[in-house]
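In: here is a sequence together with a model predicted from it:
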Amino acid sequence: MARLRFGAFLAPHHPLGEHPTLQYRRDLDLAVLLDRLAYDELWVGEHHSGGWETIASPELFLAAAGERTERIMLGTGVVSLPYHHPFNVAQRIVQLDHLTRGRAMLGTGPGALPSDARTHGISPSLLRDRQDEALGVILRLLRGEERFSYQGDWFELHDAALQLLPLQEELPVTAASTISPSGMKLAGKHGIGVLSVASNTAEGLAALPTQWGIAETYAAECGQVADRRSWRVLFSWHVAETHEQAVAEVADGLAHWHNEYNVRILGRPGAEHVDDGRALAEGMNAIGIGAIGTPEEVAETILRVHATSGGFGTALGFVHDWASPEATNRSWDLFARYVVPRINGYTRSLEASAEYLSANKAELMGGAVVAVMEAINKHHTREVTAEETRAGSPLVVPRAAEPASEAG
């Protein structure tokens, strides 16, 4: 299996009641932690209502994160294209790419919250077509095509060209995919990557095995290439030293998130109030939409989804506030230290070396003991010989000086 990349998807989902400024600071601290732990990517969302998701401009947040980090790639997860003029989206991501020295990624979507669409005065039925239309224009701008004009139903361009192109030779671009085929269709049509952001739901997980085929079909029709390495799949993971500890750490926060956000605020279809957060966590684990447990259990879940889906390039962890900040940071640390090397085989040769030594320790240590004794005996023989030589040597007595003759 080709090595996976790993990252985080920050919507964010912060419960009401906490100081929003402190939430921003904690999110920036998380970016620094992820960078230090060698995660590959951080994606940040755009939302305008609902109370829980407070980042309205992912580019602004990522610019701040870029000044605090060194290597992690920074992506918009996602810019809701129907809410923006495509020329401005292209300009902002180019500027972010230069500010971060070539670490920007453009994730695009139609807009997730119906309340956001209402605020902007756009019918939900128009969102996906507008994303497609805007995406085609943005890609032309990012490629640095000759000046062109464009007349659409909701925006227009006149002799348009970016005066500044991305620092990266090819800036990564993705389309968000949920359960409908639209995201995969766009990825295939435009030859871009995919962010599967609904794979931590039962419906989204069930759709994974067939979704990539949609991208491949449209890519073939449009003369593009669908590359599984550009497919990013979202997971809900939390890691602790024991299974019981992991479940206990997220139980209350998970139940609160589900009851308040999914049921009371959004009213997701099929979402019902729960009283037992532990049971909810174990239920998520059972059907495969949760990875809450030990490093070994979390790694097994990711590998199972990878095999079921047919393969993807990056596993993204959904950033949540189910556990305390301390437990959450420790989870990301444990994942980086134990889950990543387990999946990518970073410690396989070390383990093989240890096993080889264990299997041959009698012979190897026996030889080492003999070598040590030989060295000791050789040194002892040398010292004895030197002492005997000193004892048998004639005593040399210096001659007394002759008296000086007297002057006559």
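Out: Looks like it came in fine. From a predicted model like this one, the values you see are computed outputs, not experimental measurements. Residues are numbered from 1 along each chain as shown.

In: switch to C-alpha atoms for all contacts and neighbour counts from now on
Out: OK.

In: what sits up against the helix or strand containing Asn329?
Out: In this structure, Asn329 is located in helix 325-334 according to DSSP states H and E. Contacts with helix 325-334, where a contact means C-alpha atoms under 8 Å, 6 or more residues apart in numbering, come from Leu30, Leu33, Leu34, Leu37, His238, Val239, Ala240, Glu249, Pro295, Asp321.

In: can you report how many residues lie near the third one?
Out: Right, Leu34. 23 (other C-alpha atoms under 10 Å).

In: let's have the chain start at 856 instead
Out: Taking 856 as the first residue, the last one we looked at is Leu889.

In: give me the secondary structure label for it.
Out: Assigned by DSSP: H, G, I helix; E, B strand; the rest coil, the conformation of Leu889 is helix.

In: and the gap between it and His1093?
Out: Per C-alpha to C-alpha, to the nearest Å, Leu889 is found 15 Å from His1093.

In: what's the mean pLDDT across the helix holding Asn1184?
Out: Average pLDDT, helix 1180-1189: 98.

In: now do stretch 1241-1257
Out: 59.

In: just so I have it, where are all the strands in the stretch 1156-1263 of the chain?
Out: Here the stretch 1156-1263 of the chain has its strands, by DSSP state E, counting those that start in this stretch, at 1169-1173.

In: and the furthest pair within the contacts of helix 1180-1189?
Out: Leu892 and Glu1104 (21.6 Å; C-alpha to C-alpha).

In: of those two, which one has the most company?
Out: Of the pair Leu892 and Glu1104, Glu1104 is the one with more neighbours under other C-alpha under 10 Å, namely 20 against 16.

In: ok, the closest residue to that one other than its chain neighbours - contacts?
Out: Using C-alpha to C-alpha, 6 or more residues apart in numbering and skipping the chain neighbours, the partner closest in space to Glu1104 is Ala1178 (5.3 Å). Contact partners of Ala1178, counting by C-alpha under 8 Å, 6+ apart, are Glu1104, Val1105, Ala1106, Asp1107, Gly1108, Leu1109.

In: and for Gly1166?
Out: Gly1166 makes contact with Arg1083, according to C-alpha under 8 Å, 6+ apart.

In: let's see 10 Å
Out: Counting by C-alpha atoms under 10 Å, 6 or more residues apart in numbering, Gly1166 makes contact with 856-857, 859, 1063-1064, 1067, 1083-1084, 1086-1088, 1158, 1160.

In: ok, of the residues you listed, which one's closest to Ser1051?
Out: Nearest to Ser1051, judged by C-alpha to C-alpha, of the contacts of Gly1166 is Val1088 at 4.9 Å.

In: so for that closest one, what's the pLDDT?
Out: 96.

In: surely it is in a strand?
Out: Yes - using three-state DSSP, the assignment for Val1088 is a strand.

In: among the contacts of helix 1180-1189, which are in strands?
Out: Residues of the contacts of helix 1180-1189 located in strands (DSSP state E): His1093, Val1094.

In: dump the contacts of helix 1180-1189 into CSV; add pLDDT and distance to Asn1215 as well.
Out: Listed next are the contacts of helix 1180-1189 as CSV, based on pLDDT from 0 to 100; distance: C-alpha to C-alpha, whole Å:
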residue, pLDDT, distance to Asn1215
Leu885, 98, 45
Leu888, 98, 41
Leu889, 98, 40
Leu892, 98, 35
His1093, 98, 39
Val1094, 98, 35
Ala1095, 98, 35
Glu1104, 98, 43
Pro1150, 98, 30
Asp1176, 97, 49
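
In: residues near Ala1182, how many?
Out: 18.

In: quick one: contacts for His902?
Out: So His902 contacts 866-867, 908-913, 933-935, 966-968, 970-971 (C-alpha under 10 Å, 6+ apart).

In: now do 7 Å
Out: Applying C-alpha atoms under 7 Å, 6 or more residues apart in numbering, we find His902 in contact with Glu908, Thr909, Ile910, Ala911.

In: go ahead and confirm His1128 touches Glu1115.
Out: No - His1128 sits out of contact with Glu1115 when judged by C-alpha atoms under 7 Å, with a separation of 8.7 Å.

In: more crowded one of these two?
Out: Glu1115 (17 against 13).

In: if I look at the more buried one, how far off is Thr876?
Out: For Glu1115, the distance to Thr876 equals 21 Å [C-alpha to C-alpha].

In: repeat that for Met1139.
Out: Taking C-alpha to C-alpha, one finds Met1139 at 31 Å from Thr876.

In: for Ala863, same thing?
Out: Distance from Ala863 to Thr876, by C-alpha to C-alpha: 21 Å.

In: go on, Asp882?
Out: 10 Å.

In: for the two, indicate the residue with more neighbours.
Out: Ranked by neighbour count (other C-alpha under 10 Å), Asp882 and Thr876 place Asp882 first, with 18 against 10.

In: tell me the secondary structure at that one.
Out: Under three-state DSSP, Asp882 falls in the helix class.

In: which parts of the stretch 856-1005 of the chain are helices?
Out: Taking DSSP state H, counting those that start in this stretch as the criterion, the stretch 856-1005 of the chain contains helices spanning 875-891, 913-923, 941-954, 969-974, 982-997.
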